[in-house]
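> sequence first, then the predicted structure, then my questions.
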Amino acid sequence: MKRLVVKTGSQVLCDESGALARPALARLAAQMSELRSQGWEILLVSSGAVAAGTGKPGTERLQKADPVTRRQVLAATGQVTLMQTWQDLFQQHGLTVAQVLASKSDFQTRHHYLNMRNCMEGILAAGIVPIVNENDVVSITELMFTDNDELAGLLAGMVNADLLCLLSTVAGVFDAGEGGKVIETWDDERHRIEDVVGSGTSRLGRGGMHSKLSAARKVAALGTAVVIADGRAEDILLHITSGASTGTRFPAGTVASPAKRWLASADGHAAGAVRVNEGAASVLCDRKRLSSLLPVGVDACEGDFKRGDVIRILGPGGQVLGCGRSQYDREEAERCIGQRDQKPIIHYDYLYLME
């Protein structure tokens, strides 16, 4: 079966007052149910909990609360409404749903990552639709996802999805250099992020076009096609999955290994870092070569990392080149700095380089 990850933004699901727009959810549930009958496995990443909690009795007392506490309480109250609505709508089509609340810690270590992946695989194998949202109730600022675009991208890599749909209230990515037209197919050699992205975020969500582009390019590079499109458009999911020209499509690159897909999700919480010299940086960034990171190319170590931890690879100027799973702890790595004929600090199979 083919796998589809659908991410719906708050503005797609909510009306101007911030309440859930049940007809909008019903249209999407009907489309996803139709796709299930066509042989697609569906994983839904649904925003809307915080927005759904806004305005409920008692929440008016949160006006003076700090932003994290306010978000936690609104998410806790709104998540009940959000899931109950999705459950009712999918049940009308004979489908069972499962609630999954995720936090960054679920992606932090290989052990946690595999536990989450096994859970997702089990739910999908049972023919159930997992509905995932960030666990805002327990998340704190430094452990929050940038937004649900990031979460959806991580999950798409985790389950090796064939397609990721990022649904918002825009028709796609607009290119100011082409008369404001929607870019049908993104090409990194032709299009520049700074030419098409405005700053700012929506009233109901944390995300913006920059986060969507970042997630889309990263996921596509790992082997999953991505489409950014207007979730309010009629039968949008059916059009996208049929191959119709709608929204902005990011073609899938070469499918990455499970280990590299995990590393792509782990770069944000590395335990330490190694700084490499110009020669090592040049070799690592040469896409025509498959190279491990050897001690001879390392100038310095940072952080208290242990063997098996994820560590960042920093260039001579401090720029992040990628990350990988260390085969040394810091003390061992420092003893081997600059030496030849030593085992790699990071083997190529557990090395992920930024695009």
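That came in fine, so what should we check first?

> just the helices from this structure, written as ranges.
Assigned helices in the chain, in chain order: 10-13, 22-37, 49-53, 67-91, 110-125, 148-158, 193-196, 209-221, 236-241, 258-266, 278-284, 330-336 (criterion: DSSP state H).

> lowest average pLDDT across those?
Sorting the helices of the chain by mean pLDDT places helix 193-196 lowest, at a mean of 68.

> returning to that earlier point: tell me which of the helices of the chain sits most buried.
helix 148-158 (a mean of 28; mean count of other C-beta atoms under 10 Å). From N, CA and C alone the C-beta is placed, and that goes for glycine too.

> how about the closest residue to Gly78 other than its chain neighbours, what does it touch?
Nearest residue to Gly78, sequence neighbours excluded (C-beta to C-beta, 6 or more residues apart in numbering): Gly53, at 2.9 Å. Residues near Gly53 by C-beta atoms under 8 Å, 6 or more residues apart in numbering: Thr59, Val73, Leu74, Ala75, Ala76, Thr77, Gly78, Gln79, Thr81.

> tell me who's in contact with the residue lying closest to Leu167 once chain neighbours are set aside.
Leaving aside its sequence neighbours, Leu167 sits nearest to Gly231 (C-beta to C-beta, 6+ apart; 3.0 Å). Neighbour list for Gly231: Thr8, Gly9, Val12, Ala24, Leu28, Leu167, Ser168, Thr169 [criterion: C-beta under 8 Å, 6+ apart].

> ok so, going back, distance of the residue nearest to Gly78 relative to Glu60?
Going from Gly53 to Glu60 by C-beta to C-beta, to the nearest Å gives 12 Å.

> again with Met120
Distance, Met120 to Glu60, by C-beta to C-beta: 37 Å.

> and if you look at Gly272?
With the distance defined as C-beta to C-beta, Gly272 ends up 46 Å from Glu60.

> so which of these two has more stuff around it?
Neighbour count, other C-beta atoms under 10 Å: between Gly272 and Glu60, Gly272 has more, with 18 against 9.

> and that one, what does it touch?
Cys301, Glu302, Gly303, Asp304, Phe305, Asp309, Ile311, Arg312, Ser326, Arg330.

> now do Phe250
Going by C-beta under 8 Å, 6+ apart, Phe250 touches Thr185, Trp186, Ala216, Arg217, Val219, Ala220, Ala225, Val226, Val227, Ile228.

> tell me the one of those nearest Met354?
Distance to Met354 across these (C-beta to C-beta) is lowest for Arg217, with 10.5 Å.

> now for Gly297, how many residues are close by?
23.

> run through the residues that contact it.
For Gly297, the contact set (C-beta under 8 Å, 6+ apart) comprises Val276, Asn277, Gly279, Ala280, Ala281, Val283, Leu284.

> so who does the second one touch?
Contact partners of Asn277, counting by C-beta under 8 Å, 6+ apart, are Gly297, Val298, Asp299, Pro316.

> filter those down to just the ones in strands.
Using DSSP state E, Val298, Asp299 are the members of the contacts of Asn277 that sit in strands.

> from the contacts of Asn277, list just the buried residues.
Buried residues within those, counting neighbours by 16 or more other C-beta atoms under 10 Å: Gly297, Val298.

> make CSV out of the contacts of Asn277 and add distance to Tyr352 and pLDDT.
CSV is the format used below for the contacts of Asn277 (distance: C-beta to C-beta, whole Å; pLDDT from 0 to 100):
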residue, distance to Tyr352, pLDDT
Gly297, 17, 95
Val298, 17, 96
Asp299, 21, 95
Pro316, 20, 93
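
> break this structure down into its structural domains.
Domain segmentation of the chain under automatic domain parsing yields 2-256, 270-353.

> indicate which one of the ones you listed is closest to Leu263.
Closest of these to Leu263 is domain 270-353, at 3.7 Å (criterion: C-beta to C-beta).

> tell me the one of the contacts of Gly231 nearest Thr246?
Nearest to Thr246, judged by C-beta to C-beta, of these is Leu167 at 11.3 Å.
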